[in-house]
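> no sequence on this one, just coordinates:
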């Protein structure tokens, strides 16, 4: 049974992430990130100085105690300048949350001497090879899609281990693996989501292993209410929120160019269909952000008052988060369809955003179909069939 939290001492914090000074640099470096297929070190250093990477590091170790809502708004703001940068900002910073669910000695190992240690991940277990041994697991193999891995000193790697719950995540240091440059893609190029490879088996002790069921059951030993959030809820939001900012960026670009078109002398802003499209896209974007934040308001409100988050609500939140990228695809498609002749050329800013958001949809967490089925089944009285809630 999950531990309850008292409301006292857990009031929402004031803004503790200072992202504004980073934004112009992030926008300037966006094209560089796309070309070099990784976010420039200068942008990562600016993000470090903002405090965002310390959002979920335990406060006892020097974490800043950001709320999930502030953190999500930060990712959206960053994505308004560059979606790839927002993507790695989210996936790197959210791993401190998962590490906070591990033994306190492991937290100390990662953050105790250097709060600026960063962690990437690849949860796909298909390339993992494991052998249970006394006190842990022998591990080797290949893992794809490790976003931001070039900027990290650790990796969390998904595995399946005989005799253990379905999915295990193993924390390994940078010295244990190599990064192979495989990220040649049509969108989100700057995420640098390359492969992690462990050639020879290494020993991973049990205290460096996180079971997905622990995240589902919300096990933790932290005093702060935020760690009562189911792990999957916050991770899913990590890969959904950047699409909101990217869609808002596309809308801003479209509005800026709405005074005319390179292929049509008619002023776009005088076309009734253009007006409808702008309004519809704007509404889709604003509703997605409002809904995401409201869901975390609800979850944190329950935790801060010592209550559980009902499973049916967790299913709804998970479905609504998983649908965000599809909604943002719709918003950008509405604009891109009438974006003008120049939008079809490689390098078009709005086309780049179109590619980024469609690539984000390929992430398994951004597929709303099974999430809708599970939530619908539960509404009709069936049992939950998704442990990733």
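Received, thanks. All values reported here derive from a predicted model rather than from experimental measurement. Residues are numbered from 1 along each chain as shown.

> Helix or strand: which one has residue 210?
Residue 210 is located in strand 209-211, with elements delineated by DSSP states H and E.

> Can you name the element that comes right after that strand?
helix 212-217.

> which residues touch the very next helix or strand once past that following helix?
Next along the chain after helix 212-217, taking DSSP H and E as the criterion, comes helix 231-238. Contacts to helix 231-238, defined as CB atoms under 8 Å, 6 or more residues apart in numbering, come from residues 68, 72, 75, 90-91, 94, 97-98, 101, 212, 214-216, 218, 292, 296, 299, 314, 317-318, 321-322, 365, 388-389. All C-beta spots, glycine's among them, are computed from the backbone N, C-alpha and C.

> I'd like the next helix or strand past helix 231-238.
Immediately after helix 231-238, counting by DSSP H and E, sits helix 241-256.

> What's the per-residue pLDDT of the most centrally placed residue in the chain here?
With distances taken as CA atoms, centre = their mean, residue 238 lies nearest the centre of the chain, 2.0 Å away. Residue 238 is assigned a predicted lDDT (pLDDT) of 98.

> Then residue 156?
98.

> What separation do you get for it and residue 167?
Taking CB to CB, to the nearest Å as the measure, residue 156 falls 12 Å from residue 167.

> on that earlier part again, nearest residue to the residue nearest to the centre of the chain in space, please, no chain neighbours.
residue 90 (4.1 Å; CB to CB, 6 or more residues apart in numbering).

> residues contacting the one you found?
Contacts of residue 90 by CB under 8 Å, 6+ apart are 75, 238-239, 241-242.

> what does residue 62 give?
54, 111, 115 are the contacts of residue 62 under CB under 8 Å, 6+ apart.

> neighbouring contacts of the helix or strand of the chain with the lowest mean pLDDT?
Scoring the helices and strands of the chain by mean pLDDT, DSSP states H and E places helix 212-217 at the bottom, with a mean of 78. By CB under 8 Å, 6+ apart, the surrounding residues in contact with helix 212-217 are 2, 98, 101, 165-169, 230-232, 387-389.

> what residue ranges in the stretch 201-350 of the chain score low on pLDDT?
218-221, 259-269 (pLDDT under 70).

> helices or strands next to the helix of greatest length in the chain in the packing?
Scanning the chain for the longest helix, with DSSP state H as the assignment, gives helix 272-304. Here helix 272-304 touches helix 68-79, helix 231-238, helix 241-256, helix 311-322, helix 324-336, going by 3 or more CB pairs under 8 Å, 6 or more residues apart in numbering; DSSP states H and E.

> hang on, the earlier thing: out of the contacts of residue 62, which are buried?
54, 111, 115 (16 or more other CB atoms under 10 Å).

> Thought residue 64 was touching the last one, still the case?
Read it as residue 115. No - look at residue 115 against residue 64 with CB atoms under 8 Å: they stay out of range, at 9.6 Å.

> my guess is residue 352 contacts residue 34, does it?
Yes - if you go by CB under 8 Å, residue 352 and residue 34 touch, sitting 6.8 Å apart.

> Walk me through the domains of the protein.
20-111, 119-211, 225-379 (automatic domain parsing).

> Pick the most deeply packed of these.
The highest average neighbour count among those, using mean count of other CB atoms under 10 Å, belongs to domain 20-111 at a mean of 21.

> end-to-end on that one?
25 Å (CA to CA, to the nearest Å).

> which one of the contacts of residue 62 is nearest residue 204?
residue 111 (18.7 Å; CB to CB).

> nearest spatial neighbour of the closest one, skipping sequence neighbours?
Residue 111's closest residue in space is residue 61 (CB to CB, 6+ apart), at 4.8 Å.

> got the contact list for that neighbour?
With CB under 8 Å, 6+ apart, residue 61 has these contacts: 107-108, 111-112, 115.

> OK, contacts around residue 49?
Taking CB under 8 Å, 6+ apart as the test, what residue 49 contacts is 18, 21-22.

> May I ask which helix or strand encompasses it?
helix 41-50.

> tell me the average confidence for that helix?
So the average pLDDT for helix 41-50 ends up being 98.

> and the direction of it versus that of helix 68-79, what angle?
Orientation of helix 41-50 against helix 68-79 (axes from the mean of the first three to the mean of the last three CA atoms, to 10 degrees) gives an angle of 150 degrees.

> mind listing the strands for the stretch 51-200 of the chain?
Listed in chain order, the strands of the stretch 51-200 of the chain (DSSP state E, counting those that start in this stretch) span 119-122, 128-133, 136-146, 154-159, 168-173, 178-180, 194-205.

> tell me what the third one is packed against?
Under the contact definition 3+ CB pairs under 8 Å, 6+ apart, strand 136-146 sits against strand 119-122, strand 128-133, strand 154-159, strand 168-173, strand 194-205.

> Please repeat the previous calculation with a cut-off of 7 Å.
strand 119-122, strand 128-133, strand 154-159, strand 194-205 (3 or more CB pairs under 7 Å, 6 or more residues apart in numbering; DSSP states H and E).

> Can you give the contact residues for the shortest one?
Here strand 119-122 makes contact (CB atoms under 7 Å, 6 or more residues apart in numbering) with 91-92, 95, 99, 143-149, 152, 154-158, 196.

> What pairs with that strand, parallel or antiparallel?
strand 154-159 (parallel) (DSSP bridges).
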